[in-house]
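>>> pasting a predicted model and its sequence here:
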Amino acid sequence: HRDLHYPLRRQRQMCIRDRYLYIRAHMDDDRVVRIGIEQLVEPKRHARIQANRAVSGLYAGVSGGLTGSLLYNPTVQDNPEMGLSPGTNITPAIELTYMLTHNLGFNLGFRINSSKSILNLNDQRQQFGSTQDMDNDTYELITITTGFSEEATISTLDVPITLRLRTGRKVGFYLDMGVAFSTFRSASFTQEGTIEKLGYYPEYNVTLRDIEEYGFTTTTDQSTHSLDTPGSALSAVGGLGVSAMLANNLALRAGLNLRLGITDLTTDGWVNPFIFGAATQGYGNETLLHSVCFEVGLSYRILAPNR
């Protein structure tokens with residue numbers, strides 16, 4: 001009788017030994033009042049459960065990064081007389097992340113962003129048609145523009161909502177994909193440069209300058225003006241980097257964030273039409289806000305799954 005059932009008994013023992021037994025204990029104060037078997041799982045499923053428990057949960061964190069931003073307009077970008085370059089700024093943020101598993105989660109952030117772009121105009125010499133001065137002599141007005149530039153600053157509150165994909169268990173790569181809603185807090189541009197006005201008298205073949213009563217002056221401008229913007233904007237956002245669990249509830253990440261503007265920043269309000277109008281009024285093109293940021297974030301798990 002013992003030999004007949006021995007293989008079956010041994011097979012049952014091997015089956016249990018090759019699996020993981022999950023036991024749930026019910027506590028009343030400090031006493032265990034009931035213990036029950038929750039589930040019996042295979043090694044692969046056990047590894048997934050442990051990986052999920054190591055990473056999943058609700059995280060609250062802070063982050064900061066160095067951001068390069070650009071007010072992109074095709075007309076300005078393709079104009080050989082103009083040079084459009086990005087500006088840089090520090091971007092602080094707070095965020096909430098809920099990881100459903102160690103591979104999948106959602107992220108909600110709040111970023112204070114100050115985007116900058118610098119527009120430079122090449123030195124220019126323009127000559128206009130004939131006119132008469134106060135003595136009724138005929139001259140041609142010449143303007144020489146040197147060192148002319150404008151720096152635009154747009155401050156926004158950004159709310160990115162992203163899907164987070166992650167590899168690995170405690171250390172792995174992450175990929176964020178989603179959108180960001182932005183509300184404008186302030187916008188301005190600073191203009192500086194020198195404009196010299198000269199008068200060329202073809203009858204005498206002479207050019208006059210620095211005679212104020214004739215309007216032949218040299219003016220250096222350095223001023224700040226408010227900038228009209230829409231009330232809100234929408235952008236596509238993405239991120240790629242490395243994340244690691246430093247301890248049971250502490251996570252660190254570092255990576256690059258990319259922002260591509262979707263909605264046009266063009267408005268009907270007045271801006272300086274000479275230069276910066278090209279970057280904000282568009283001249284038939286959309287003006288979009290693009291940026292790239294190297295960001296480091298630290299977050300703490302405030303809600304962990306049941307173990």
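Perfect, I can see it now.
>>> name the helices or strands packed onto the helix or strand where Asn113 lies?
Using DSSP states H and E, Asn113 sits in strand 104-121. The helices and strands touching strand 104-121, judged by 3 or more C-beta pairs under 8 Å, 6 or more residues apart in numbering; DSSP states H and E, are strand 57-72, strand 82-99, strand 138-166, strand 171-201, helix 277-280, strand 288-303. From N, CA and C alone the C-beta is placed, and that goes for glycine too.
>>> looking at these, which one is packed in the most?
Comparing the helices and strands packed on strand 104-121 by mean neighbour count (mean count of other C-beta atoms under 10 Å), helix 277-280 ranks first with a mean of 23.
>>> now do that helix, average pLDDT.
Averaged over helix 277-280, pLDDT sits at 50.
>>> how about stretch 108-116?
Mean predicted confidence for stretch 108-116 is 91.
>>> what's the answer for stretch 214-233, then?
Mean predicted confidence for stretch 214-233 is 84.
>>> buried residues in it?
Tyr214, Phe216, Leu227, Thr229, Ala233 (16 or more other C-beta atoms under 10 Å).
>>> end to end on it, go ahead and measure it.
End-to-end distance of stretch 214-233 (C-alpha to C-alpha, to the nearest Å): 48 Å.
>>> hey, what's the closest residue to Leu227 other than its chain neighbours bridged with?
Of all residues not flanking Leu227 in the chain, Ala187 sits nearest, at 4.0 Å (C-beta to C-beta, 6 or more residues apart in numbering). Judged by DSSP bridges, the bridge partners of Ala187 are Ile154.
>>> restricted to strands, list the buried residues of stretch 214-233.
The strands, defined by DSSP state E, take in Ala233 from the buried residues of stretch 214-233.
>>> of the buried residues of stretch 214-233, which is the nearest to Phe181?
Ala233 (7.9 Å; C-beta to C-beta).
>>> residue contacts, the closest one?
Thr156, Phe181, Ser182, Phe184, Gly261, Ile262, Thr263, Leu265, Leu289 (C-beta atoms under 8 Å, 6 or more residues apart in numbering).
>>> and those, which is closest to Leu208?
For the contacts of Ala233, the nearest to Leu208 is Leu265 (43.0 Å; C-beta to C-beta).
>>> I'd guessed Leu260 sits against Ala236; true?
Yes: using C-beta atoms under 8 Å, Leu260 is in contact with Ala236, at 4.8 Å.
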